[in-house]
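Student: what follows is a protein structure lacking sequence information:
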């Protein structure tokens, strides 16, 4: 059967070619780092995915990466998390989360397009805003 998304892959439809490539690179980075367990290195995973799919370097921690995304390559879009999770290859950022590290460094991830999963240094199977604040969404520019 065809892979229809979920934690095992990126949704095969929806979004843009660049977004799907970014989502695949994010999934590969996550599986190479923590699999399904966070390593506390979300920005490293997202940065690897952006470098591997787009050839550009982006630095900073989870709550800095949004300011460091090149504006000629990404644009901020106004949408809910629920809608963003349906589109592969969007960069999500939160300024703060409920974990000790997240309260200092925030969190970032790339949507996989299946409606619930995102990838950074691990695959988050049920991405939510619960305990997180300062949410932003960035879309690769084709």
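Tutor: On my side now, so go ahead. On a predicted model such as this, the values are computed, not experimentally measured, just so you know.
Student: low-confidence stretches in this protein?
Tutor: 1-13 (pLDDT under 70).
Student: which helix in it runs the most residues?
Tutor: helix 17-33 (DSSP state H).
Student: how about the helices in the chain?
Tutor: Counting by DSSP H, the helices of the chain are 17-33, 42-54, 65-68, 81-84, 100-105.
Student: and those helices, which is most packed in?
Tutor: Across the helices of the chain, the average number of neighbours (mean count of other Cβ atoms under 10 Å) peaks for helix 42-54, which reaches a mean of 23. From N, CA and C alone the C-beta is placed, and that goes for glycine too.
Student: which strands or helices does that one pack on?
Tutor: Under the contact criterion of 3 or more Cβ pairs under 8 Å, 6 or more residues apart in numbering; DSSP states H and E, helix 42-54 touches helix 17-33, helix 65-68, strand 107-111.
Student: could these be laid out in JSON lines, adding distance to residue 87?
Tutor: Formatted as JSON lines, the helices and strands packed on helix 42-54 follow (distance: least, Cβ to Cβ, whole Å):
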{"stretch": "helix 17-33", "distance to residue 87": "7"}
{"stretch": "helix 65-68", "distance to residue 87": "17"}
{"stretch": "strand 107-111", "distance to residue 87": "6"}
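Student: my guess is residue 41 contacts residue 33. True?
Tutor: Yes - counting by Cβ atoms under 8 Å, residue 33 is a contact partner of residue 41 at 6.5 Å.
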